[in-house]
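K.L.:
model this:
(2 chains)
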Amino acid sequence: MSIIEVKNLTKKFGDFTAVNDVSFTVEKGEIFAFLGPNGAGKTTTIKMLTTLLEPTAGEVKINNFNLKDDRDNVRHSFGIVFQDPSLDDELTAYENMDFHAVLYGHSKADRGPRIEELLKLVDLWDRRKDLVKNFSGGMKRRLEIARALIHTPKIIFLDEPTVGLDPQTRNHIWSYVVNLSKKEGVTVFLTTHYMEEADKMADRVVVIDHGKILATGSPTELKANTNTSSLEEAFLKLTGSAIRADEASSLDNLRSAAKMWGRRK
Amino acid sequence: MKRAHSTICVQPPKCGGGESKNKNMNTIYILWLRQLKKYIRSTPRIIGSLGQPLLFLLVFGFGFSSIFERAGGGSYIQFLVPGIVAMAVVFTAIFGGIELIWDRQFGFLKETMVAPVSRFSIMLGRSIGGATVAVIQGIAILIISFLVGFKMANPLMIFPALIFMFLIAFFFTALGTAIASKLFDMQAFPIIMNFLVMPLFFLSGSIFPLDTAPRALQIIGKFDPLTYGIDGLRYSLIGVSHFSPYFDFLILAGFSLVVLFLGKYLFEKMEA
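P.N.:
A predicted model of the protein is given here:
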C-alpha cells in the first residue's frame, strides 16, 4: 500500500520550473531515498509534500489524505527534520519538545512520558534542561529527530539529516532510523548527498535532476541498469559530473546582521 | 494499523477538528509562553530596550522642564511620562513583531508552519506574547518615573493605563508581524525604525502637546494611531486628555483590528 502518492507534481517560481511533472509513490514502511545534485528540486518537493509550499500543479496524497483539502490530517501524518536547523536556540531541549507536543494537540498527561521516552532514545535526557544554543550540531540533529517523532507520525521526512556531522553521529542517527523503520514501521523519506549511506539504508531510490525524475529502483537495480559498481558511480552516470551552482544562502549575511543587532552569537 | 500507541493520540479527528477551539487556545498559550521565556532569559535585551526611553525621560524631562513651565504648560515630567512609557511599549512591541524574520531565518518558523494548527492562532499567540513583553517594559519605565518624581492623578487609574498600554503594544506587534511576513531580511529593520516607528512616535504628541503645535502637525497627528494611545494613556496617568478616552479606545482598538487582519492575511499567505 502506498503511503505517499505523487502525481504530476510541478512547482514554478516565475519562469523557473523547480519541479517538473514529477510522479512517484512511496510504500508503507519502506526507506525511500530521494537523491539529486544541488538545485535538483529535492527540497522544493519535500516542502510541497509537507504543506510549506503550494504546488503549481499536480496531486499529492499522504497517508490517504489529499494535500489540498485535508491539510491538518496530512500534517498529523508526518514528522520532519529539515535541512537547516529548526530548533529554538533560546529554549531548553525539553521546552522545544514540549512546544511541539502542544502544537500537535497532546494532553499534559501524555506529553511528559512521551518526551522522556524520546529524549532517552536519542541520549539527550540528561541534557533536557540545557538551552539548545549550547548543543553541538549532532546533538541538535538528534533532538530534531526526537521532536519529529513526538506525535507518532506514519512518515518521517529527513532532508539531509547527516550533513556536517562526524561519522560517529552519522552512524548513530542511521541506527535510530533503521530502528524506527524496522520496529515501528515508520516510513522514512530521506535525502542525502552521501551515496554510500543511501546505498546501505534505502529500500528504494529515486534520482532527480533539473526537476525531473531520471531513475527509480532499488540501489541494486540502479547499479545494474547503469552498469556501475557503486551507487555513487550510478548517480554520476545518471546526473553527469558537471559541478552545480550551490544555492546562494542569505543565512550567512543574516548571521552577521544578527550579530550586529546583538541577538545571537 | 498494526502498531498501537496507547499513550498517543493518532486519530487526527480526535486531536484536531473536535477540540479545535481548545487546541487553538493551547497554541496561543504556548506561543505566548515562548515569547515570555525568551524575554526573561535575555537580560541584555531588557536593559538595552530600557536605555532609550530612560535617556529621553531624563534628558528631555529635565532639560525642557523649565522652558515648558515658563510657557505655562505645567510640569513637563508629568506631561512627558505617558509618552515615554508608550515609547518603551512601542519599541519593544515592534521588535517583537519583526522578530518573526529571525524565526524564519533560523528555521524555527518552519516547525510552527508544518504543525496542524491554524496560522492565525500562531500569529495571535506571537502577538499577544510580544505585547505582554512590551507592557512589562512599559511598567518598568513607569516605576522608574515614580523615582524621578512622577505622580499619578489617581492610582486606581493604573487599570485603564494598562489597557491602553496593551492596545498600543498589540497594535505595534501585529504591525511588526505583518511587515515581517513580507520581509526576508533583518537589514531592513533600521528603515522600519526610522521611516515608520520614529515618525509615528514623534507625531503622536508624545513629547510635545499637539494642541499648541502648528496646524499641519495637528492634522498629521490625527492620522497617527499612536496619538490616541498616548492620549488615552495621558488621561489614565495624569487625568488630562485631548479626546474622550472612550474615543481613544475605540480608534486604537479599530486600528489594532485592521492590522491584525492585515497581518492574518499576509501571515497565512506567507511561504516559509
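K.L.:
and the helices in the stretch 1-150 of chain A?
P.N.:
A:42-49, A:71-77, A:93-103, A:108-121, A:137-148 (DSSP state H, counting those that start in this stretch).
K.L.:
adding mean pLDDT and mean neighbour count, write those out as JSON lines.
P.N.:
C-beta coordinates here come from the backbone N, C-alpha and C atoms, glycine included. Putting the helices of the stretch 1-150 of chain A into JSON lines (pLDDT from 0 to 100; neighbours: other CB atoms under 10 Å in any protein chain shown) gives the following:
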{"stretch": "helix A:42-49", "mean pLDDT": "93", "mean neighbour count": "24"}
{"stretch": "helix A:71-77", "mean pLDDT": "94", "mean neighbour count": "22"}
{"stretch": "helix A:93-103", "mean pLDDT": "96", "mean neighbour count": "23"}
{"stretch": "helix A:108-121", "mean pLDDT": "92", "mean neighbour count": "16"}
{"stretch": "helix A:137-148", "mean pLDDT": "93", "mean neighbour count": "22"}
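K.L.:
nearest to A:Leu238, of these?
P.N.:
Closest of the helices of the stretch 1-150 of chain A to A:Leu238 is helix A:42-49, at 14.4 Å (criterion: CB to CB).
K.L.:
now the helices of the stretch 1-150 of chain A in a markdown table, with distance to chain B?
P.N.:
Conversion of the helices of the stretch 1-150 of chain A to a markdown table gives the following (distance: least, CB to the nearest CB, whole Å):
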| stretch | distance to chain B |
| --- | --- |
| helix A:42-49 | 8 |
| helix A:71-77 | 4 |
| helix A:93-103 | 4 |
| helix A:108-121 | 5 |
| helix A:137-148 | 8 |
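K.L.:
these: which one's closest to B:Pro155?
P.N.:
helix A:93-103 (37.5 Å).
K.L.:
what's that closest one packed up against?
P.N.:
The helices and strands touching helix A:93-103, judged by 3 or more CB pairs under 8 Å, 6 or more residues apart in numbering or on different chains; DSSP states H and E, are helix A:108-121, helix A:137-148, helix B:20-41.
K.L.:
A:Val177: which of these is closest?
P.N.:
helix A:137-148 (8.0 Å).
K.L.:
which other helices and strands contact that closest one?
P.N.:
Using 3+ CB pairs under 8 Å, 6+ apart, helix A:137-148 sits against strand A:78-81, helix A:93-103, helix A:108-121, strand A:155-159, helix A:167-179.
K.L.:
A:Lys11 is nearest to which of the helices and strands packed on helix A:93-103?
P.N.:
With CB to CB as the measure, helix A:137-148 is the member of these nearest A:Lys11 (23.3 Å).
K.L.:
next, the angle strand A:155-159 makes with the closest one.
P.N.:
160 degrees (axes from the mean of the first three to the mean of the last three CA atoms, to 10 degrees).
K.L.:
adding distance to B:Trp102, write the helices and strands packed on helix A:93-103 out as CSV.
P.N.:
Listed next are those as CSV, based on distance: least, CB to CB, whole Å:
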stretch, distance to B:Trp102
helix A:108-121, 25
helix A:137-148, 17
helix B:20-41, 10
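K.L.:
with distance to A:Leu9 added, can I get the helices and strands packed on helix A:137-148 in JSON lines?
P.N.:
Shown next, in JSON lines, are the helices and strands packed on helix A:137-148 (distance: least, CB to CB, whole Å):
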{"stretch": "strand A:78-81", "distance to A:Leu9": "16"}
{"stretch": "helix A:93-103", "distance to A:Leu9": "27"}
{"stretch": "helix A:108-121", "distance to A:Leu9": "32"}
{"stretch": "strand A:155-159", "distance to A:Leu9": "15"}
{"stretch": "helix A:167-179", "distance to A:Leu9": "25"}
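K.L.:
so which of these comes closest to B:Leu57?
P.N.:
Using CB to CB, the helices and strands packed on helix A:137-148 put helix A:93-103 closest to B:Leu57, at 35.3 Å.
K.L.:
which one is the spatially most central residue of chain A nearest to, not counting chain neighbours?
P.N.:
Computing the C-alpha centroid of chain A and ranking residues by CA atoms, centre = their mean puts A:Leu158 first, at 2.0 Å. In space, and not counting its chain neighbours, A:Leu158 is closest to A:Leu190: 4.2 Å by CB to CB, 6 or more residues apart in numbering or on different chains.
K.L.:
how many residues are close by the residue nearest to A:Leu131 when sequence neighbours are not counted?
P.N.:
Distances taken as CB to CB, 6+ apart put A:Thr92 closest to A:Leu131, at 5.7 Å, once the chain neighbours are dropped. Neighbour count for A:Thr92, taken as other CB atoms under 10 Å in any protein chain shown: 19.
K.L.:
residues contacting A:Thr92?
P.N.:
By CB atoms under 8 Å, 6 or more residues apart in numbering or on different chains, A:Thr92 lies in contact with A:Arg128, A:Lys129, A:Asp130, A:Leu131, A:Val132.
K.L.:
filter those to the buried ones?
P.N.:
A:Arg128, A:Leu131, A:Val132 (16 or more other CB atoms under 10 Å in any protein chain shown).
K.L.:
could I get the pLDDT score of the second one?
P.N.:
At A:Leu131, the model reports a pLDDT of 96.
K.L.:
pull the contacting residues for it.
P.N.:
A:Asp89, A:Glu90, A:Leu91, A:Thr92, B:Arg41.
K.L.:
from these, which would you call buried?
P.N.:
Judged by 16+ other CB under 10 Å, buried ones among the contacts of A:Leu131: A:Asp89, A:Glu90, A:Leu91, A:Thr92.
K.L.:
what's the closest non-adjacent residue to the first one?
P.N.:
If I follow you right, that is A:Asp89. A:Lys133 (3.9 Å).
K.L.:
the residue nearest to A:Leu158: what secondary structure?
P.N.:
strand (DSSP: H, G, I helix; E, B strand; the rest coil).
K.L.:
bridge partners for it, pull those for me.
P.N.:
Beta-bridge partners for A:Leu190, by DSSP bridges, are A:Ala33, A:Leu158.
K.L.:
B:Ile67: how many residues sit nearby?
P.N.:
B:Ile67: 10 neighbours (other CB under 10 Å).
K.L.:
show me the shaky parts of chain B.
P.N.:
Counting by pLDDT under 70, chain B shows low-confidence ranges at B:1-20, B:272.
K.L.:
so what's the residue most central in space within it up against?
P.N.:
In chain B, the residue lying closest to the centroid (CA atoms, centre = their mean) is B:Ala169, at 1.9 Å. Neighbouring residues of B:Ala169 by CB under 8 Å, 6+ apart: B:Val89, B:Val90, B:Thr92, B:Ala93, B:Gly130, B:Ala131, B:Thr132, B:Ala134, B:Val135, B:Gly138.
K.L.:
if you set the cut-off to 7 Å instead, what comes out?
P.N.:
B:Val89, B:Ala93, B:Ala131, B:Ala134, B:Val135 (CB atoms under 7 Å, 6 or more residues apart in numbering or on different chains).
K.L.:
who in the stretch 151-272 of chain B is up against chain A?
P.N.:
Where the stretch 151-272 of chain B comes near chain A, counting by CB under 7 Å from any CB of the partner chain, the residues are B:Asp185, B:Met186, B:Gln187, B:Glu271, B:Ala272.
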